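>>> task: produce atomic coordinates for the following.
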Amino acid sequence: TQSVGEALAAGQRVAIDTPSLGGSIDLKGGQLDDLVLKDYRETIDKNSPLIRLFSPSGAPNAYFAETGFVSGSGVKTPNRDTIWTADVKTLTPNQPVTLTWDNGAGLVFKRAIAVDDKYMFTITDSVVNSSGATVKLRPYGLVLRRGMPQVAGYSVLHEGFEGVIGDQEHAPTYANIDKATGKAESYTGDGGWLGFTDKYWASALIPEQTVPIEARYTASGAAPPEDYQADFLGPEKAVDPGASAETTTRVFAGAKEVSTIYDYQSKLGIHKFNLMIDWGWFYFITQPMYWLIDAIYKYVGNFGVAILIVTVLVKLAFFPLANRSYQSMAKMKKIQPQIAALKDLYPDDKVKQQQEQMELFKREGVNPVAGCLPMVIQIPVFFALYKVIFITIEMRHAPFFGWIRDLSAPDPTNVFTLFGLIPWNPTAVPMVGHFLALGVWPLIMGVSMFFQMKMNPEPADPVQKSMFAWMPVIFTFMLGTFPAGLVIYWTWNNTLTVLQQYYIMTKAGVKVELWDNLFKLFARAPAKTPSV
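Just a heads-up that it's a prediction; the model follows:
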């Protein structure tokens with residue numbers, strides 16, 4: 001296997017130079033097989049390599065796109081060995097390139113390639129028939145990846161094949177296609193798009209949106225590395241002598257920038273192109289959450305600060321519900337002596353206890369489950385924010401303050417190295433290393449959760465008491481590997497919840513349990529008097 005540099009040097013090429021993309025087109029085969037993203041690097045180090053999206057066929061992890069015509073009637077059409085000639089040496093947004101090839105049998109093929117200043121190529125394949133017979137050709141397009149692509153492996157994120165054929169989304173994983181009958185899945189419909197999606201990058205073939213196509217996802221090769229391919233065939237075109245035919249296919253290859261994806265969907269009429277971004281089941285919360293964070297970011301210039309502001313806005317939006325819930329909890333605390341009296345009054349009749357308790361709740365206007373509502377409603381909001389931080393490229397390498405230089409990555413500090421003083425990697429420890437990724441922000445989050453738990457009376461049930469006592473510790477270790485942006489959000493949310501609950505409980509004239517609970521926890525147990 002050649003290196004990328006060796007593969008690129010092996011033949012003649014047309015350079016690609018745009019504000020967002022660099023690379024080249026191979027004149028052997030006319031493939032779009034060399035693309036790097038100028039605005040994105042592999043790490044937060046400004047000197048790290050640019051992200052490489054496409055790689056030529058002879059290099060490791062080959063990844064490329066091609067379009068053209070095929071024929072089932074023996075007509076000589078361009079293939080991967082075809083040597084094209086180009087009219088210019090560099091493709092830019094202001095200078096398209098036209099590739100030409102004569103098949104020597106009366107057919108002249110041309111491939112005009114244009115590119116915008118972001119990630120969209122417009123490829124127009126045409127043919128002029130100077131032979132004495134009608135030829136039948138079908139337009140096609142394909143994107144091919146050689147070898148199993150490296151995926152993040154998170155269940156909340158789809159990586160693999162992605163597309164919309166007609167009106168239906170089709171998004172199997174690589175493993176799905178490997179297990180499919182014949183290692184292939186086929187679909188039909190008018191227009192749409194299909195290709196591959198990674199966490200932050202994607203490629204897609206976009207045929208003419210009103211043309212019926214036959215689309216496929218396939219895996220081929222008996223042994224690794226396999227070829228994974230997304231392709232389509234358009235309707236057959238009959239080209240008479242002296243006539244010509246053409247077909248236009250767009251190829252998206254680049255970063256999944258939200259505004260860019262949505263602009264392409266609206267301006268180019270690409271059906272459901274926004275599904276390229278995996279908004280998840282709570283898309284109706286996730287998308288508005290992203291737009292709100294992004295709008296605030298444009299004013300404050302820091303995504304972390306934008307997340308903190310959005311958390312405050314969410315708290316304000318749900319304040320009436322939280323107010324009613326905490327007031328109900330306060331009333332519940334006030335009637336605890338009456339509930340205890342009912343248990344003493346009907347010690348052997350559980351049904352009667354329940355009936356009298358329900359009557360008591362009704363008289364006092366208490367909803368026994370109201371205290372759970374703020375937490376229940378927060379779950380989809382929390383998950384939506386998690387998706388925004390985890391999947392959107394805008395959060396990638398976005399700094400906060402201090403040591404947090406990437407909100408989409410875990411806190412880089414670690415308590416088990418004394419925050420860098422001990423030169424070892426605890427996360428590499430077998431079996432338990434995953435739980436040893438514990439930075440400063442997860443610790444702060446654990447403390448905030450501890451205070452939130454101590455705002456309420458301790459449960460009488462010893463099992464529940466133990467569970468609540470250990471919950472902050474468990475969540476502290478769990479969030480050690482979560483994106484720092486999410487941990488910061490959760491810490492801030494816990495802090496606001498404590499302040500909110502303290503305010504509401506105090507206003508309702510109900511005793512806040514925080515100080516008593518802390519005193520019980522840290523106070524020294526009284527010494528036992530020795531028996532005589």
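>>> so where is the stretch 201-350 of the chain shaky, pLDDT-wise?
The stretch 201-350 of the chain contains residues with pLDDT under 70 at 222-224, 326-327, 329-331, 333.
>>> now the strands for it?
With strands called from DSSP state E, counting those that start in this stretch, the stretch 201-350 of the chain shows them at 201-206, 212-220, 227-233, 237-239, 244-255.
>>> winner for burial among these?
Across the strands of the stretch 201-350 of the chain, averaging neighbours per residue (mean count of other C-beta atoms under 10 Å) puts strand 201-206 on top, at a mean of 25. C-beta here means a position set from N, CA and C on the backbone, and glycine is covered the same way.
>>> how many residues are close by Ala469?
15 (other C-beta atoms under 10 Å).
>>> wait, Pro472 touches Met449, no?
Yes - Pro472 lies in contact with Met449 (C-beta atoms under 8 Å); the separation is 4.2 Å.
>>> so for these two, which sits in the more crowded spot?
More crowded of Pro472 and Met449, by other C-beta under 10 Å: Met449, with 24 against 19.
>>> so how far is the longest helix belonging to the chain off the chain centroid?
The residue-count maximum for a helix in the chain (DSSP state H) belongs to helix 484-507. Relative to its chain's centre, helix 484-507 lies at 27 Å (C-alpha atoms, centre = their mean, to the nearest Å).
>>> list the buried ones in it?
484-498, 500-501, 504-505 (16 or more other C-beta atoms under 10 Å).
>>> packing partners for that helix?
With contacts taken as 3 or more C-beta pairs under 8 Å, 6 or more residues apart in numbering; DSSP states H and E, helix 484-507 sits against helix 303-317, helix 319-334, helix 373-391, helix 440-453.
>>> of these, flag the one that's most buried.
The highest average neighbour count among the helices and strands packed on helix 484-507, using mean count of other C-beta under 10 Å, belongs to helix 440-453 at a mean of 21.
>>> relative to helix 484-507, how tilted is it?
Relative orientation of helix 440-453 versus helix 484-507 (axes from the mean of the first three to the mean of the last three C-alpha atoms, to 10 degrees): 20 degrees.
>>> now helix 440-453, how far from the centre of its chain.
Helix 440-453 sits 26 Å away from the centroid of its parent chain (C-alpha atoms, centre = their mean).
>>> rounded mean pLDDT for it, please.
Mean pLDDT, computed over helix 440-453, is 86.
>>> which residues touch that helix?
The contact list for helix 440-453 (C-beta atoms under 8 Å, 6 or more residues apart in numbering) reads 403-404, 411, 413, 415, 419, 468-469, 471-473, 475-477, 479-480, 482, 484, 487-488, 490-491, 494-495, 497-498, 501, 514.
>>> roughly how far does Leu205 sit from Glu6?
Distance, Leu205 to Glu6, by C-beta to C-beta, to the nearest Å: 28 Å.
>>> out of the helices and strands packed on helix 484-507, which is closest to Lys76?
When the helices and strands packed on helix 484-507 are compared by C-beta to C-beta, helix 373-391 sits nearest Lys76, at 45.4 Å.
>>> got the confidence number for Thr1?
On pLDDT, Thr1 comes in at 66.
>>> quick one, domains of this structure?
If you go by automatic domain parsing, the domain ranges for the chain are 4-275, 286-522.
>>> the first one spans what distance, first to last residue?
Separation of the first and last residues of domain 4-275 by C-alpha to C-alpha, to the nearest Å is 31 Å.
>>> off-centre distance for it?
That offset, for domain 4-275, works out to 23 Å (C-alpha atoms, centre = their mean).
>>> list the contacts for the residue positioned nearest the centre of the chain?
By C-alpha atoms, centre = their mean, the mean C-alpha position of the chain lies nearest to Ile391, the distance being 2.4 Å. For Ile391, the contact set (C-beta under 8 Å, 6+ apart) comprises Leu157, Lys199, Ile277, Asp278, Trp279.
>>> and the gap between the last one and Pro337?
To tie it back to what came earlier, the one meant is Trp279. 49 Å.
>>> and for the second one?
Counting by C-beta to C-beta, the gap from Lys199 to Pro337 is 56 Å.
>>> between those two, which is the more surrounded one?
Under the criterion of other C-beta under 10 Å, the comparison of Lys199 against Pro337 puts Lys199 first, with 18 against 9.
>>> for the more buried one, what are its contacts?
Val151, Ala152, Leu157, Glu159, Ile391.
>>> the third one belongs to a strand?
Read it as Leu157. No - counting by DSSP: H, G, I helix; E, B strand; the rest coil, Leu157 is not part of a strand but coil.
>>> hey, where'd the helices end up in the stretch 151-300 of the chain?
Secondary structure of the stretch 151-300 of the chain (DSSP state H, counting those that start in this stretch): helices located at 174-179, 258-268, 283-300.
>>> list the contacts of Gln209.
Counting by C-beta under 8 Å, 6+ apart, Gln209 has contacts Asp190, Gly191, Gly192, Gly269, Ile270, His271.
>>> go ahead and confirm the last one touches Ala204.
By that I understand His271. No - between His271 and Ala204 there is no contact under C-beta under 8 Å: 11.8 Å.
>>> mind listing the shared neighbours of those two?
With contacts defined as C-beta under 8 Å, 6+ apart, the residues shared by His271 and Ala204 are Trp193.
>>> could you report the neighbour count for Ile404?
Residues near Ile404, counting by other C-beta under 10 Å, number 22.
>>> that one: what secondary structure?
coil.
>>> and it, how far is that from Ser244?
For Ile404, the distance to Ser244 (C-beta to C-beta) stands at 59 Å.
>>> circling back to that earlier point, which of the contacts of Lys199 lies closest to Asn302?
Nearest to Asn302, judged by C-beta to C-beta, of the contacts of Lys199 is Ile391 at 19.7 Å.
>>> quick one, helices of the stretch 1-150 of the chain?
Ranges of helices in the stretch 1-150 of the chain, per DSSP H, counting those that start in this stretch, are 4-9.
>>> how about low-confidence regions in it?
Those would be 1, if you go by pLDDT under 70 across the stretch 1-150 of the chain.
>>> the stretch 401-532 of the chain too?
419-421, 424-429, 431-435, 456-465, 468, 508-511, 513-518, 520-532.
>>> thank you, goodbye.
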